[in-house]
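**Student:** Structure for the following, please:
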Amino acid sequence: MTVEDLGISLDTVWMLLAAMLVFFMQPGFAFCEAGFTRSKNTANILYKNFVDFMLGSILFWFVGFGFMFGSDGAGFIGMPNFGDLSFYKNAAGLPTEGFLIFETVFCATSATIVSGAMAERTKFSMYCVYSFFISLLIYPVEGHWTWGGGWLCNADATSFMMTTFGETFHDFAGSAIVHSVGGVLALVGAIFLGPRIGKYDKDGKSRAIPGHNLMAAALGVFILWFGWFGFNPGSQLAASGEVNRVAISHVFLTTNLAAVAGGLATMFTTWIKYKKPSFSLMLNGVLAGLVGITAGCDLVSPAGAIAIGAICGVVLPFSIEFIDKKLHIDDPVGASSVHGVCGIMGTLLTGLFSVSSGALYGHGFGFFGAQCMGILCIDAWAAVTGIILFWTIKHTHGLRVDKRVEEEGLDIYEHGETAYN
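**Tutor:** Numbers count the residues shown, from 1 in each chain. Coordinates of the predicted model:
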């Protein structure tokens, strides 16, 4: 075996190990969402997290991977592959099948985010329908613009991004591509669904509907935190050689520091704002820091990572309260704030805190402008397609379960079984 072969083998093992960690985020999302909602809907929530990955795996292999990575990346969308992977050759020599698996787990994550904001009142059949379209089309198209080598990341001197901003859009592991897209779709879905029964009184005042198991929610957040060490460092896609070793280690550090800063910032913010440090909000604060750092974890310094995590952690409680009490949008787990708002913020803050091209380091606002353009286009695509998708479902088969089903729980009526006997 040559040194080159050994390096590719090590890189392949690292990529697949990272894919395993990202896959393990599925139970993290499941526990977190289930814990933040009521026990009568637990089986339904657990089921949906399985469906996301099962549907996503088939669809992304059959069509989505081609849409995302097909053609030269110059157009709006790639070509469907219909399960034929021969069209794709990884520049680093990594096996196409392994790269497909790595990208599949990211696709499933984007679809899973949506379920939390729409929990406790969505028809299971219609959940399958919108999960189908997210994995089939919505995620792969904007992924083609970015990770697929499309127009937002085209570094050719004559490309739109380079002639306009002098920089291309950067999202290392998915603050925008995965998380903000999931958050925007979650918000649109929650708007079309309407609030849960009893969430708002006749005067429009918000009522708290506590989750049934904070222990499950906490376990879910710990699992997600652990899985994020595959999500972010794994996006380096290589472990051999000094450059990759240093890059992975740096991303591990910035990822963890941002998570810690996000949790602490939310803890102190809620302590000051509500006179008590909210545990449930702190859990979301950790996730807010993780989501925020995901775009620029490779470009920012450790201090920059702490700043990004802290900013997201402070903003999070205000965002959740604004969406709930001012907009009257019922998001049971805060997905639209954690993934949507903090995904957008993290993407934009990368344009400020990047050591190599950020505005705060004296490099001008070209890179920040590129980040603004990227997040605007990506989330506009998510919003428009989400509106079309959820409007169509609502006005055809219907998106929401009947009142009696919602009151007595989706577990029995939708699945004929309960999570707790």
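**Student:** show me where the stretch 251-400 of the chain has helices.
**Tutor:** Assignment of helices within the stretch 251-400 of the chain using DSSP state H, counting those that start in this stretch yields the ranges 279-293, 302-321, 335, 342-353, 366-394.
**Student:** tell me the most buried of those?
**Tutor:** Each of the helices of the stretch 251-400 of the chain was scored by mean neighbour count; the highest is helix 335, a mean of 31, by mean count of other C-beta atoms under 10 Å. In short, each C-beta sits where N, CA and C put it, glycine included.
**Student:** So which of the helices of the stretch 251-400 of the chain is nearest residue 108?
**Tutor:** helix 335 (15.1 Å; C-beta to C-beta).
**Student:** circling back: just so I know, which of the helices of the stretch 251-400 of the chain lies nearest residue 202?
**Tutor:** Of all the helices of the stretch 251-400 of the chain, helix 302-321 comes closest under C-beta to C-beta, at 20.7 Å.
**Student:** Next, the angle from the closest one to helix 279-293.
**Tutor:** Counting by axes from the mean of the first three to the mean of the last three C-alpha atoms, to 10 degrees, helix 302-321 points 130 degrees away from the direction of helix 279-293.
**Student:** Skip ahead from helix 302-321 and say which helix or strand is next.
**Tutor:** Once helix 302-321 ends, the next helix or strand along the chain (criterion: DSSP states H and E) is helix 335.
**Student:** by contact count, what packs against that next one?
**Tutor:** Packing partners of helix 335 (3 or more C-beta pairs under 8 Å, 6 or more residues apart in numbering; DSSP states H and E): helix 96-117, helix 181-193.
**Student:** how does it look with 10 Å?
**Tutor:** helix 25-35, helix 96-117, helix 181-193 (3 or more C-beta pairs under 10 Å, 6 or more residues apart in numbering; DSSP states H and E).
**Student:** Please enumerate residues in contact with it?
**Tutor:** Residues outside helix 335 that contact it (C-beta atoms under 10 Å, 6 or more residues apart in numbering): 29, 32-33, 36, 112-119, 179, 182-183, 185-187, 189-190, 284, 287.
**Student:** Which one of the helices of the stretch 251-400 of the chain lies nearest to residue 45?
**Tutor:** Here helix 335 is closest among the helices of the stretch 251-400 of the chain (C-beta to C-beta), at 12.4 Å.
**Student:** list the contacts for residue 303?
**Tutor:** 254, 257, 353, 355.
**Student:** now for the residues you listed, which pair is the farthest apart?
**Tutor:** Largest pairwise distance in those, by C-beta to C-beta, is 14.5 Å, between 257 and 355.
**Student:** Which one of those two is surrounded by more residues?
**Tutor:** Using other C-beta atoms under 10 Å, the more surrounded residue of residue 257 and residue 355 is residue 257, with 24 against 14.
**Student:** separation between that one and residue 360?
**Tutor:** Counting by C-beta to C-beta, to the nearest Å, the gap from residue 257 to residue 360 is 17 Å.
**Student:** and what of residue 401?
**Tutor:** Residue 401 is 48 Å from residue 360, by C-beta to C-beta.
**Student:** These two: which has the busier surroundings?
**Tutor:** Neighbours were counted for residue 401 and for residue 360 using other C-beta under 10 Å; residue 401 has more, 21 against 14.
**Student:** Could you double-check that the more buried one lies in contact with residue 413?
**Tutor:** Yes: in this structure, residue 401 is within contact of residue 413 by C-beta atoms under 10 Å, at 7.2 Å.
**Student:** between the two, what contacts are shared?
**Tutor:** Common neighbours of residue 401 and residue 413 (C-beta under 10 Å, 6+ apart) are 44, 124.
**Student:** can you tell me which helix or strand residue 127 belongs to?
**Tutor:** Following DSSP H and E, one finds residue 127 within helix 124-133.
**Student:** In terms of secondary structure, what does the next helix or strand after that helix contact?
**Tutor:** Next helix or strand after helix 124-133 toward the C-terminus (DSSP H and E): helix 139-145. Other elements packing on helix 139-145 under the criterion 3+ C-beta pairs under 10 Å, 6+ apart are helix 42-59, helix 65-69, helix 96-117, helix 181-193, helix 366-394.
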